[in-house]
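Peer 1: Have a look at this fold, sequence not included:
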Ligand code: MG
Ligand code: FE
C-alpha cells in the first residue's frame, strides 16, 4: 500500500514536471507572438510566475524530505503532452497556441486542487498554502484567456482576410 505521504510526494513531482513543461511551452509561445502585444505580455508575465511556481514546488518537495535529483528525472513526464500542444504550429498558430494554453491552465488547476486536498490530508499546511497561492495564479491566467480568446480570434480572422486580399493583388 502506498502511503498518503508518498502519494503527495508523487503528485508534487508531477506538478514540478508540469511547471517545467509550462516554462518550455510559454517561452515558445511568447517568442512567436508578434501581432498580439497584450497576449504576448500576459504570457511573458505568466512565464515569470510559472518559473517561481516551479521553484516553490521544488521547495515543498525538499522540505518534505524529497530528493531533488529525482525531480529532474521526472521532468520529461509531461513532455509528450506539451509537444502535442506546442509543436507543429500551423498558420493559425496563435489560435492553436491560445487554446493549448487555456487547456494547460485547467490541467494545472486540477493538479493544484488535488495537491491542496492531499496536503490537507497529511497535515501539511505550508504545502497546502503554497498550492493555494499557485492555484490563484492559474485561475487568474485561465480567466484572462477566457476573457481574451474572443478578441484574439476576431483579430486573427480579420488579419487572415486582409492578408488573403493582399496575396491576391
Ligand atoms: Mg503553473
Ligand atoms: Fe499556469
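Peer 2: That came through, no problem. The structure displayed is predicted, hence computed values, not measured ones. Numbers count the residues shown, from 1 in each chain. Ligands and ions are numbered 1, 2, ... in the order given.
Peer 1: Following element in sequence after the lowest-mean-pLDDT helix or strand in the chain, please.
Peer 2: When the helices and strands of the chain are compared on mean pLDDT, DSSP states H and E, helix 79-86 comes out lowest with a mean of 49. On the C-terminal side of helix 79-86, the closest following helix or strand by DSSP states H and E is helix 93-122.
Peer 1: same for that following helix, what does it pack against?
Peer 2: helix 4-32, helix 37-63, helix 79-86, helix 125-168 (3 or more CB pairs under 8 Å, 6 or more residues apart in numbering; DSSP states H and E). C-beta here means a position set from N, CA and C on the backbone, and glycine is covered the same way.
Peer 1: So which of those is the most surrounded?
Peer 2: helix 4-32 (a mean of 19; mean count of other CB atoms under 10 Å).
Peer 1: Show the average pLDDT along that helix.
Peer 2: Averaging pLDDT along helix 4-32 gives 95.
Peer 1: just stretch 145-157 next, same as before
Peer 2: The average pLDDT for stretch 145-157 rounds to 96.
Peer 1: before we move on, the earlier item: let's have the helices and strands packed on helix 93-122 in CSV, adding distance to ligand 1.
Peer 2: Shown next, in CSV, are the helices and strands packed on helix 93-122 (distance: least, CB to the ion, whole Å):
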stretch, distance to ligand 1
helix 4-32, 5
helix 37-63, 5
helix 79-86, 12
helix 125-168, 5
